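Enquirer: can you look at this prediction? I've put the sequence above it.
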Amino acid sequence: MNLHDYIRDIQDFPKPGIGFKDITPLLISPEATAFCLEKLSNSLQHQKIDKVIGVESRGFFFGILLAQKLNAGFIPVRKPKKLPFDTISASYELEYGTDTLEMHIDAIQPGDKILIHDDVLATGGTAKAVCELVEQLGGEIVQMNFLMELTFLNGRAKIAHMPIYAALTY
């Protein structure tokens with residue numbers, strides 16, 4: 001199966017000059033979703049994972065599926081003021097502005113083995129911010145998974161010290 005066939009390009013979204021990779025066609029197809037989940041989970045090569053982080057919001061789709069498949073807990077990392085309990089935060093720059101992410105302060109215990117999942121590795125700002133959150137709480141990042149990597153934006157450079165897997169590259 002060619003997963004590229006299930007990614008739709010949307011030009012000038014969310015603002016002029018940005019080419020957005022729409023994963024909705026992939027999510028609509030149960031076969032493509034199952035195939036993608038297998039690719040993402042097989043990349044872990046029998047690593048022990050205690051918790052999977054899904055990054056708001058498109059990282060939630062496969063993040064929760066990976067957590068279930070790996071028999072791990074799921075941690076949502078969200079935009080500010082979306083989580084009801086005490087949080088830690090990290091700010092970052094992305095390809096079209098700046099933002100902040102938050103996580104509950106009790107989501108990770110020191111030594112927890114963490115898989116971070118997001119939909120896209122672009123400039124690397126989001127990924128780096130999530131790494132900072134995990135490290136603040138004493139978690140050990142086993143791998144960073146992405147549905148796709150936009151290699152032309154060189155986001156990998158910001159997290160080069162981490163094991164990285166992307167199911168698709170552009």
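Expert: Yep, it's here. Residues are numbered from 1 along each chain as shown.

Enquirer: which ones are touching the one residue sitting closest to the centre of the chain?
Expert: Nearest residue to the geometric centre of the chain (CA atoms, centre = their mean): Asp118, 1.4 Å. With contacts taken as CB atoms under 8 Å, 6 or more residues apart in numbering, Asp118 has the following neighbours: 54-55, 58-59, 63, 126-127, 130, 144-147. Heads up, the C-betas are built off the backbone N, CA and C, glycines and all.

Enquirer: residue ranges of the helices in the chain, please?
Expert: With DSSP state H as the definition, the chain shows helices at residue ranges 24-28, 30-42, 59-69, 125-136.

Enquirer: next, format those helices as CSV and append mean pLDDT, distance to Thr98 and mean neighbour count.
Expert: Conversion of the helices of the chain to CSV gives the following (pLDDT from 0 to 100; distance: least, CB to CB, whole Å; neighbours: other CB atoms under 10 Å):
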stretch, mean pLDDT, distance to Thr98, mean neighbour count
helix 24-28, 98, 26, 15
helix 30-42, 98, 28, 16
helix 59-69, 98, 18, 20
helix 125-136, 96, 8, 21
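
Enquirer: so which of the ones you listed comes closest to His104?
Expert: helix 125-136 (10.1 Å; CB to CB).

Enquirer: what sits up against that closest one?
Expert: Residues external to helix 125-136 that are found in contact with it (CB under 8 Å, 6+ apart): 53, 55, 77, 88-94, 99-101, 103, 108, 114, 116, 118, 121, 141, 144, 146, 155, 158-159, 162.

Enquirer: chain center to that helix: distance?
Expert: Using CA atoms, centre = their mean, to the nearest Å, the distance from the centre of helix 125-136 to the centre of the chain it belongs to is 11 Å.

Enquirer: now the angle from that helix to helix 59-69?
Expert: For the pair helix 125-136 and helix 59-69, the angle between their directions (axes from the mean of the first three to the mean of the last three CA atoms, to 10 degrees) equals 50 degrees.
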